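Asker: Next come a sequence and a model predicted from it.
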Amino acid sequence: MLQFNAEQIGHAILDLQQSNFSGIAYVETLSDAAKLKRPKVLTFLNGALTYGGPYLPEPRELSRELGEHFNLQVMDAAFQLASKKVKNSASIRQHLELYIRLELFDWEAVESFIRNQLILVLEQIWPYGGNLKLNTSAVVDLSFGPDGHGFLWQQLEQDIIQRQGAWASLLPHVGSINAVPHRVENYQQTITDPWVQQHLQRWIDGHRPLGTIASEINRDPLELAHSYVHFVQMGWLTFTPRQDNYRPLVSRSPVVTPTLSDLPTVLSVDDSPVVQTMIKRAISDRYHLLLANNAMDALNLLNRESIELLLLDVTMPDIDGLELCRTIRNINKFRDLPVIMLTAKDGMFNKIKGQMAGSTHYLTKPINRQKLIEVLEKYIPNTVMS
């Protein structure tokens, strides 16, 4: 069994890739939420990923999914023919080879379909820690192209990171692919679009996560999430569980939702998209977060914006975090600016170097969300709480 931390599923996949693993990995995320305990399945061939989904793939179901995806009315007949023609009726690879000979689609189309499916499955796993339970006794014979290849983690990682950034941009309206939407009943009468009315009634039940809804209606969950942002803004949906029995204990004054202008502004400087996405997901509901991936962009933002705290990575290309910290400490208006140094290196020597450069505090990567929030609240005491 392999364990992985939040946003570290790629490390576990790389371990299996380097060991040339062939077999099945059952993924279990560690979460108290029942919807996140549903296992996912990843299949590997010689260290490469070949499939990801809620269940093990088999010829009939995968044929059906491909038929729906490519809108092929003849898929049922093609499957019946393939079942008679192939030597091994349980072989996915043999079924696909026959479909390709029939010119229903080509290897490139199949590969693109499975790749997108893998990215969506990994996207659901990404925010959580968990376990991979490995089974080497069973190998799924699914692979692509004449050479029978699969996907290396490096071929998927950038798309996953970019999509995580896109998800983070939807905060605070939509939390994640695993967030559960709830209807706001009091606003149903304002909806005039029949599709919206039908969709809310059919799919929004307060139990289904966004990712599950997207899968069942054959939509990219990120595209669906953009639609849901509009629904939230219109007052038709919320991603906060409905509390019908709630009564305010102290005041009956209406709650005012803070705008970005009400929130303290934090500038995060880091050249890692993964780290920036994690920080955005962790604090963007409490702070107006600005991002820079190099020292020059950071200096421009510091001069243009009213920054109340700086999160600064130690190791960056060109000008590193220590040098940037020393630079801004020589500018009068930044001498009292809280500067939190972030580094993957632990140890007293690095902390001393950060203090000598003028840092206010020091955090070690991987960053713990609760610890990060505690430090920010310490140095920005007037934070608007979520």
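Answerer: Cool, got the structure.
Asker: Now do the helices in the stretch 101-250 of the chain.
Answerer: Per DSSP state H, counting those that start in this stretch, the stretch 101-250 of the chain carries helices over the ranges 107-125, 153-169, 194-203, 210-216, 221-234.
Asker: in this protein, which helix or strand is least confident?
Answerer: One helix or strand of the chain scores below all others by mean pLDDT, DSSP states H and E: helix 348-357, with a mean of 53.
Asker: Which positions in the next helix or strand after that one come out as buried?
Answerer: Using DSSP states H and E, the helix or strand that follows helix 348-357 in sequence is strand 361-364. With burial defined by 16 or more other C-beta atoms under 10 Å, the residues of strand 361-364 counted as buried are 361-362, 364. The C-beta positions use only the backbone N, C-alpha and C, and glycine is treated the same way.
Asker: could you dump the residues you listed to a markdown table with pLDDT?
Answerer: Putting the buried residues of strand 361-364 into a markdown table (pLDDT from 0 to 100) gives the following:
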| residue | pLDDT |
| --- | --- |
| H361 | 84 |
| Y362 | 83 |
| T364 | 81 |
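Asker: Poorly predicted segments of this protein, please.
Answerer: Low-confidence segments of the chain, defined by pLDDT under 70: 31-39, 187-189, 240-262, 317-318, 345-358, 381-386.
Asker: Chain neighbours aside, what residue packs nearest to the residue most central in space within it?
Answerer: Taking C-alpha atoms, centre = their mean as the criterion, Q164 is the residue nearest the geometric centre of the chain, at 4.1 Å. Leaving aside its sequence neighbours, Q164 sits nearest to T277 (C-beta to C-beta, 6 or more residues apart in numbering; 4.5 Å).
Asker: and what of S272?
Answerer: What sits nearest to S272 in space, not counting adjacent residues and going by C-beta to C-beta, 6+ apart, is D313, at 7.3 Å.
Asker: Would you agree that neighbour is in contact with D270?
Answerer: Yes - between D313 and D270 there is a contact under C-beta atoms under 8 Å: 4.0 Å.
Asker: Who has more neighbours out of the two?
Answerer: Each of D313 and D270 has its neighbours counted (other C-beta atoms under 10 Å); D270 has more, 24 against 21.
Asker: hey, where'd the helices end up in the stretch 251-386 of the chain?
Answerer: 273-283, 295-304, 321-329, 348-357, 369-379.
Asker: Can you lay out those as JSON lines showing distance to V174?
Answerer: Below are the helices of the stretch 251-386 of the chain laid out as JSON lines (distance: least, C-beta to C-beta, whole Å):
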{"stretch": "helix 273-283", "distance to V174": "12"}
{"stretch": "helix 295-304", "distance to V174": "26"}
{"stretch": "helix 321-329", "distance to V174": "32"}
{"stretch": "helix 348-357", "distance to V174": "36"}
{"stretch": "helix 369-379", "distance to V174": "18"}
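Asker: Would you mind giving those helices as TSV with distance to D336 and mean neighbour count added?
Answerer: Formatted as TSV, the helices of the stretch 251-386 of the chain follow (distance: least, C-beta to C-beta, whole Å; neighbours: other C-beta atoms under 10 Å):
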stretch	distance to D336	mean neighbour count
helix 273-283	21	21
helix 295-304	13	16
helix 321-329	10	20
helix 348-357	15	15
helix 369-379	11	15
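Asker: one step back: want to throw the helices of the stretch 101-250 of the chain into a markdown table with distance to F79?
Answerer: Putting these into a markdown table (distance: least, C-beta to C-beta, whole Å) gives the following:
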| stretch | distance to F79 |
| --- | --- |
| helix 107-125 | 15 |
| helix 153-169 | 29 |
| helix 194-203 | 29 |
| helix 210-216 | 22 |
| helix 221-234 | 28 |
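Asker: nearest to L322, of the ones you listed?
Answerer: Shortest distance between L322 and the helices of the stretch 101-250 of the chain, using C-beta to C-beta, is found for helix 153-169: 26.1 Å.
Asker: Give the buried residues for that closest one.
Answerer: By neighbour count with 16+ other C-beta under 10 Å, helix 153-169 contains the buried residues 153, 156-157, 160-161, 163-165, 167-168.
Asker: Give me the residues contacting that helix.
Answerer: Contacts to helix 153-169, defined as C-beta atoms under 8 Å, 6 or more residues apart in numbering, come from residues 10, 13-14, 17, 49, 115, 118-119, 122-123, 126, 174, 176-177, 222, 225, 273-274, 276-277, 280-281, 284.
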